[in-house]
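Asks: structure here, sequence nowhere to be found:
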């Protein structure tokens with residue numbers, strides 16, 4: 001593959017102490033107005049495939065983070081997918097990465113992204129994907145969860161890189177010639193807890209997952225942010241955002257860094273962290289759910305959270321003073337999840353338990369498709385939803 005025309009870090013710098021996201025930030029939530037997403041209507045829940053549930057999704061992107069636009073205005077996306085189960089939580093034990101196309105007429109499912117038997121895990125969890133300058137090489141960063149061939153699903157998470165060729169023979173896009181599989185970020189026990197240290201119960205799983213690629217426009221260096229759990233914590237609520245920096249322009253060698261953000265004693269899961277650069281500032285976002293906050297303290301709603309800084313290496317401050325960017329509406333607090341902010345401030349997510357206040361029999365109804373796109377407004381340390389058309 002061709003290298004990215006950047007100045008990659010040859011010696012990984014050591015990051016400062018992580019920025020703390022604490023209960024003190026959340027205590028003012030009730031006194032500060034925050035935005036809520038519009039309630040999802042039934043006619044907006046349009047399945048991509050009748051027999052496939054999908055959730056966490058990401059575009060095949062350019063180096064600057066924007067979705068790569070192909071012939072005819074098509075963009076390609078990846079999403080976690082699984083067959084339908086009576087209990088939607090069962091999907092996590094059967095997740096595979098699927099390829100989808102987005103065009104002016106909607107979404108088209110193109111099948112599993114990776115060749116059968118290629119992944120080293122028993123299932124595939126979230127990541128990010130990058131189209132190389134040659135426009136045919138795709139680089140996938142993803143989470144391999146468990147081990148291939150294990151008899152019962154475990155929760156070990158490892159971060160891998162692989163390459164494929166983007167092929168359009170016959171007018172339909174597909175990924176062929178999967179190769180160059182490599183574990184790129186190995187856990188540093190001084191900073192990060194083992195991902196299989198928690199239980200398998202929803203909300204208690206420890207994290208070493210969700211690698212999200214970001215190229216710093218200031219110096220061209222390549223970074224990955226990922227969901228992590230802090231080592232050495234006395235709390236079961238020890239979520240963090242971890243990071244790594246590339247040591248070469250082919251994005252094959254990476255050096256793990258200390259955590260960027262710590263939610264120690266506050267929250268167990270800072271999921272799918274990712275960064276964008278907007279009007280001279282860096283914004284680092286993550287998703288989290290009410291049930292993974294420490295119940296013995298102040299809790300926040302299920303929503304998109306984030307921090308802002310003038311420097312990628314530190315100085316992170318919670319957006320709006322609390323970290324909360326926007327939440328699901330109070331009347332449907334579980335309607336969507338796994339928000340991904342793109343450089344143009346569009347926000348993608350999936351439909352979760354829509355049309356329910358979470359207290360009735362519909363609380364486990366799973367939309368299993370893309371939610372309507374939203375758009376952010378960012379103004380320095382302030383963030384929220386832009387006016388919807």
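Replies: Great, that's in hand. Keep in mind that what you see is a predicted model, and the values were worked out from it rather than measured.

Asks: low-confidence stretches in the protein?
Replies: For the chain, applying pLDDT under 70 flags the ranges 1-15, 357-358, 360-364, 389.

Asks: what number of residues lie near the closest residue in space to residue 150 that isn't next to it in sequence?
Replies: In space, and not counting its chain neighbours, residue 150 is closest to residue 122: 5.2 Å by Cβ to Cβ, 6 or more residues apart in numbering. Every C-beta, even on glycine, is put in place using the N, C-alpha and C of the backbone. Neighbourhood size, residue 122 [other Cβ atoms under 10 Å]: 20.

Asks: could you do residue 294 as well?
Replies: Residue 294: 18 neighbours (other Cβ under 10 Å).

Asks: what's the answer for residue 70, then?
Replies: There are 17 residues near residue 70, going by other Cβ under 10 Å.

Asks: so what's residue 278 up against?
Replies: 343, 345, 378 (Cβ atoms under 8 Å, 6 or more residues apart in numbering).

Asks: tell me the buried residues within the residues you listed.
Replies: 345, 378 (16 or more other Cβ atoms under 10 Å).

Asks: re earlier: for the residue nearest to residue 150, phi and psi?
Replies: Backbone torsions for residue 122, taken as degrees, to the nearest 10, come to phi -80, psi -20.

Asks: now do the one 5 residues further on
Replies: Phi and psi for residue 127, reported as degrees, to the nearest 10, are phi -170, psi -140.

Asks: surely it and residue 60 touch.
Replies: No. Residue 127 is not in contact with residue 60 according to Cβ atoms under 8 Å; the separation is 11.3 Å.

Asks: got the phi and psi for the spatially closest residue to residue 385 that is not a sequence neighbour?
Replies: Closest residue to residue 385 apart from its sequence neighbours, by Cβ to Cβ, 6+ apart: residue 35 at 4.4 Å. Backbone geometry at residue 35, expressed as degrees, to the nearest 10, gives phi -80, psi 150.

Asks: look up how far residue 302 lies from residue 35.
Replies: Between residue 35 and residue 302 the distance, using Cβ to Cβ, to the nearest Å, works out to 14 Å.

Asks: also residue 170?
Replies: Distance of residue 170 to residue 302, computed by Cβ to Cβ: 42 Å.

Asks: which one's more surrounded, the two?
Replies: residue 302 (21 against 7).
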